[in-house]
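**Q** Just need the structure, nothing else, for what follows:
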Amino acid sequence: MEATKQLSCAEAVRLFFAYLDRALSGEQLESLEIHLQACLDCCDRLDFSRKLDRIVKERLGDAPLPEGIEERLRKALSK
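**A** Numbering: from 1, shown residues only. Modelled structure (predicted):
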């Protein structure tokens, strides 16, 4: 049986929006969930990401995000 890859915090943060959209599966999902069980900082960041995602969806509805916003948010969250 192959060991699940341990994620760094930066790697975990990059997966948050896919996780919130339920777009992760397999090893990525398992690795993120294991990381979140051990990392309180990433749990806090995920909670912030969840709240931000909800606010953006409420305000924009189905409108597409402005160009580059996702990358800027990811960069800010990884700091």
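**Q** Now for residue 47: which residues touch it?
**A** Residue 47 sits next to no residue when contact means Cβ atoms under 8 Å, 6 or more residues apart in numbering. In this view, the C-beta of every residue, glycine as well, is placed from N, C-alpha and C.
**Q** do the same with residue 18
**A** For residue 18, the contacting residues are 24, 28, by Cβ under 8 Å, 6+ apart.
**Q** distance of it from residue 53?
**A** Applying Cβ to Cβ, to the nearest Å, the value for residue 18 to residue 53 is 11 Å.
**Q** Counting by contacts, list what the helix or strand bottoming out on mean pLDDT in the chain packs against.
**A** The helix or strand of the chain with the lowest confidence, counting by mean pLDDT, DSSP states H and E, is helix 69-77 at a mean of 79. Helix 69-77 makes packing contacts with helix 9-20, helix 40-60 when contacts are defined by 3 or more Cβ pairs under 8 Å, 6 or more residues apart in numbering; DSSP states H and E.
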